[in-house]
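[1] Got a sequence here, can you build the structure:
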Amino acid sequence: MQKALNILAAFLFLTLTSAAQAQWLPSQASLRYSAQVSNGPAGDCGCFTLQGAAGDLFWNLGPAKPRLGVGIAFDAGVEHTGDVNGAGYGLTLSTFTAGPRLKLPMGKSQAFAQALFGVAHGSGSEFPQSNNTLIQSANSFALDVGAGADYPINRRLSLRFLQVDYLRTALPNNSTNWQNNLRIAAGLTLHFSH
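    Numbers count the residues shown, from 1 in each chain. Coordinates of the predicted model:
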């Protein structure tokens, strides 16, 4: 788990450094703790929880008012559980998604809604294959639809007091090969001047 968090932090740092060198900084960057409820084996809910960290970068597109805007968000997250419902194996789920985000004022807070698309990578688990074998990692499509809100602490920093995402993945599972996940997160958002 610590290795995954270090990789996520390094990835965000390198992305920000590269953007700064290209003089194309994002409007904001966030880092947050996330808890996720995922459905397990087919037949019943079989739900289990994962915990981890996620971060995102947001770029405003075109001239936008400070509190109202449309832009592009990139989100990366890593969540982990050591035990999937007593099955004897765990799961580390990494997601990398991007897509449109709409920012709207909500009193003093800044709300947003987004629809992101990308890839999911499951590892440290057991994924069934068509030839009745199991592999320890798999990749799939990921859809992340969600909303959240930031409350300003000062001009540069906000509290991401809530973010709720519906995350759909398509990892092999001997049934529909679809997973429905609910992710709830909170953290901090850093705002950049342009």
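[2] Specify the beta-bridge partners of the residue nearest to Gly118 when sequence neighbours are not counted.
    Leaving aside its sequence neighbours, Gly118 sits nearest to Thr97 (Cβ to Cβ, 6 or more residues apart in numbering; 3.5 Å). The way it works is simple: take the backbone N, C-alpha and C, and place the C-beta from them, glycine included. On the basis of DSSP bridges, Thr97 is bridged to Asp75, Gly118.
[3] Thr97 - how many residues pack around it?
    Residues contacting Thr97 under the criterion other Cβ atoms under 10 Å number 24.
[4] Same check on Gly90?
    By the criterion of other Cβ under 10 Å, Gly90 has 17 neighbours.
[5] Spell out the secondary structure type for the residue in the chain sticking out farthest from the centre.
    Most distant residue from the mean C-alpha position of the chain: Asn131, 31.8 Å away (Cα atoms, centre = their mean). Following DSSP: H, G, I helix; E, B strand; the rest coil, the label given to Asn131 is coil.
[6] Check what pLDDT the residue nearest to Gly118 gets.
    Looking at Thr97, its pLDDT reads 96.
[7] mind checking which helix or strand of this protein has the lowest mean pLDDT?
    helix 2-21 (a mean of 56; mean pLDDT, DSSP states H and E).
[8] can you pull the contacts of the residue nearest in space to the middle of the chain?
    When Cα atoms, centre = their mean is applied to the chain, the residue found nearest the centroid is Gly77 (4.1 Å). Residues near Gly77 by Cβ atoms under 8 Å, 6 or more residues apart in numbering: 8, 34, 52-55, 93-95, 183.
[9] mind redoing it with 7 Å?
    Contacts for Gly77 (Cβ atoms under 7 Å, 6 or more residues apart in numbering) come out as 34, 52-54, 95.
[10] Tell me the buried residues in the helix or strand hosting it?
    Element membership for Gly77, per DSSP states H and E: strand 69-81. Buried residues in strand 69-81, defined by neighbour count with 16 or more other Cβ atoms under 10 Å: 69, 71-81.
[11] Ok, stretch 82-94 next?
    Using 16+ other Cβ under 10 Å as the test for burial, stretch 82-94 gives 84, 90-94.
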